[in-house]
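Student: Sharing a model prediction with you, sequence too.
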Amino acid sequence: MTLKVYLKGWDNRYYEKNGNYERNISKEIPFICPKGWTWTRLNRLCSFIQYGLSYSASEKGNNPYLRITDIQNGLVKWNSLPFVTIKDNEKQYYLKMDDIVFARTGATVGKSFLIKENLNNTVFASYLIRIRLVYPEMSDYIYMFFNSKFYWDAITDLSVGTGQPNCNGTKLANLLIPIPPYKEQKKIMEKIARYIPLFITLKNESTKLKLLANKLKQKVLFSIFSSSDKSHYRKSSLGNELKYIQPGPFIVNTTDYSPNYSTPVLTPGKSFILGYTNEKEGIFHVQGRKIIIFDDFTTASKIVDFDFKVKSSAMKILVTDNKKNNIEYLFYYLQTIKINSDTHKRFWISEFAPLEIYMPTLEEQTNLSTKINKSFSIIDKIINDK
């Protein structure tokens, strides 16, 4: 099979050749392939790249309906899929052996799945992209590439979005892929197949250790906060302490409002600020302080002290006046509070506002945070040392 569409010119540069047209793409090539390999774009390997169907899933119908949420941990329970009934002119959406589907939006954007079963009239949903290779015998190699670090680095850069990150079919089609000769592809897959059981075992053990560490850390948090004498703590709700920020870009640690920014101002009596980021600004400027980042769709949070790139507005930022409160204390305390949402999957500021909080003095907050940090360090050392 001839897949080579790139050549290395006499000037030691890489060119993309399309008919008689050549274009210098040296800056796009991330590394030099071994001899006999070639770089190509995904669309050169595919007979088509296709979005799925927009149907509402049902318990009954003529066609099993694959959605993003049906792909869990690299598996699909085909007998548990919901159904739709497609039209006669939509049979081109049938999934076939060696098709690869991609999640094109949401938290799992870029996740792929290789079809390795003969399916009966199964179709796929619109939040998935399906590719069908010109040479189906390459599917195992291509799918393995879609699980590589290089692929994930590339797909992260391609992902864009307002509410959620996404990667469209055009961007996916332009993805660069290193292709070895077919015989070498088979050797690579045979070697990977020998090591996969070991990888799975190591991954499972690593997952178990991480779960154990997280459980221990949760016990530490609940133990410390439940045993603390709260009689002299200031009881409040997070909403009473907040100065609300309208959705939009903002920069932490500024002193006044700007006409171009929804800029937070730390004012007396308002210790915390909670607002949304705006992905259009690109970089969120922390400016020498620690902040808490919340994922709107999971309520998961982390504490950071460095500037970071914003890829989605589905992200809340919480900052505090360092002279009044310890941000680490607040971060740990919020992890012991359960947030309930019965109406939708996204967690809004209004759901954080009623959270009951107990605020000791700044000195006590700092002491408790130090105690927690030391306990966490011991747990990490035990887990890492095994």
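Tutor: Great, that's in hand.
Student: Phi, psi for the residue nearest the centre of the chain please.
Tutor: Among the residues of the chain, the one closest to the centroid is Ala107, at 4.6 Å (CA atoms, centre = their mean). Note on Ala107: its backbone torsions stand at phi -70, psi -20 [degrees, to the nearest 10].
Student: okay, it: pLDDT?
Tutor: With respect to pLDDT, Ala107 scores 70.
Student: Going forward, count from 40.
Tutor: With the count now opening at 40, the last piece we talked about shows up as Ala146.
Student: Distance-wise, check it relative to Leu401.
Tutor: Relative to Leu401, Ala146 is positioned 36 Å away (CB to CB, to the nearest Å). In this view, the C-beta of every residue, glycine as well, is placed from N, C-alpha and C.
Student: do the same with Ser93
Tutor: For Ser93, the distance to Leu401 - CB to CB - is 53 Å.
Student: Compare those two (neighbour count), which wins?
Tutor: Between Ser93 and Leu401, counted using other CB atoms under 10 Å, Leu401 has the larger neighbour count: 15 against 9.
Student: List the residues that contact that one.
Tutor: Leu401 makes contact with 362-365 under the criterion CB atoms under 8 Å, 6 or more residues apart in numbering.
Student: Just the buried ones out of those, please.
Tutor: Among the contacts of Leu401, those classed as buried by 16 or more other CB atoms under 10 Å are 363-365.
Student: Tally up the residues packed near Val358, please.
Tutor: The burial count for Val358: 23, using other CB under 10 Å.
Student: next one: phi and psi at it?
Tutor: phi -120, psi 160.
Student: repeat for the one 5 residues further on
Tutor: In this entry, Lys363 is assigned phi and psi values of phi -110, psi -40 (degrees, to the nearest 10).
Student: contacting residues around it?
Tutor: 310, 401.
Student: Quick check: buried residues in the helix or strand containing Lys410?
Tutor: Using DSSP states H and E, Lys410 sits within helix 401-424. Neighbour counts using 16+ other CB under 10 Å place 403-404, 407-408, 411, 414-415, 418 of helix 401-424 among the buried residues.
Student: tell me which of those residues is nearest to Thr209?
Tutor: Phe415 (44.2 Å; CB to CB).
Student: All the helices of the stretch 140-289 of the chain, residue numbers only.
Tutor: Ranges of helices in the stretch 140-289 of the chain, per DSSP state H, counting those that start in this stretch, are 178-184, 188-197, 208-212, 221-266, 277-280.
Student: Which one, of those helices, ends up nearest to Gln326?
Tutor: Across the helices of the stretch 140-289 of the chain, Gln326 has its closest neighbour in helix 277-280 (21.5 Å, CB to CB).
Student: Show residues contacting that closest one.
Tutor: Residues outside helix 277-280 that contact it (CB under 8 Å, 6+ apart): 309-311, 313, 391-394, 396, 398.
Student: CA-only coordinates of it, as CSV, when you get a sec.
Tutor: Written as CSV, here are the backbone C-alpha positions of helix 277-280 (Å, rounded to 0.1, in the frame of the first residue of the first chain):
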residue,chain,number,x,y,z
LEU,A,277,-20.4,30.6,51.3
GLY,A,278,-23.0,32.9,49.5
ASN,A,279,-22.8,35.5,52.4
GLU,A,280,-19.1,35.7,52.0
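Student: Can you give the distance from it to the centre of its chain?
Tutor: The chain centre lies 30 Å from the centre of helix 277-280; the measure is CA atoms, centre = their mean, to the nearest Å.
Student: in that helix, what counts as buried?
Tutor: Buried residues in helix 277-280, counting neighbours by 16+ other CB under 10 Å, are found at 277-278, 280.
Student: Could you do stretch 63-79 as well?
Tutor: Buried positions in stretch 63-79, judged by neighbour count with 16+ other CB under 10 Å: 64, 68, 77-79.
Student: In CSV, list the C-alpha atoms belonging to that stretch.
Tutor: Only the C-alpha atoms of stretch 63-79 are listed here, as CSV (Å, rounded to 0.1, in the frame of the first residue of the first chain):
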residue,chain,number,x,y,z
ASN,A,63,6.7,23.2,3.5
ILE,A,64,5.4,21.6,6.7
SER,A,65,8.6,21.3,8.6
LYS,A,66,7.3,23.2,11.6
GLU,A,67,4.3,20.8,11.9
ILE,A,68,6.5,17.6,12.0
PRO,A,69,7.1,16.9,15.7
PHE,A,70,9.8,14.3,15.3
ILE,A,71,11.8,12.4,12.6
CYS,A,72,10.3,9.0,11.7
PRO,A,73,12.5,5.9,11.3
LYS,A,74,13.6,5.0,7.8
GLY,A,75,10.7,3.6,5.8
TRP,A,76,8.1,5.4,7.8
THR,A,77,6.1,8.4,6.6
TRP,A,78,4.0,11.2,8.0
THR,A,79,0.4,11.5,6.7
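Student: so how far is that stretch from its chain's centroid?
Tutor: What separates the centre of stretch 63-79 from the centre of its chain is 27 Å, taken as CA atoms, centre = their mean.
Student: got it, and stretch 81-101?
Tutor: 22 Å.
Student: Other residues contacting it?
Tutor: Contacts of stretch 81-101 (CB under 8 Å, 6+ apart): 42, 44, 104-106, 121-125, 129, 131-132, 140, 143, 160, 162-174, 177, 181, 208, 211-214, 216, 218.
Student: Can I have the buried ones of those as a ChimeraX selection?
Tutor: Command for ChimeraX that selects the buried part of those, burial taken from 16+ other CB under 10 Å:
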select :42,44,104,105,106,121,122,123,125,132,140,143,162,163,164,166,167,168,169,170,171,172,177,181,208,211,212,214,216,218
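Student: returning to what we had before: what separates the residue nearest to the centre of the chain from Ile139, distance-wise?
Tutor: Note on Ala146: its distance to Ile139, by CB to CB, is 20 Å.
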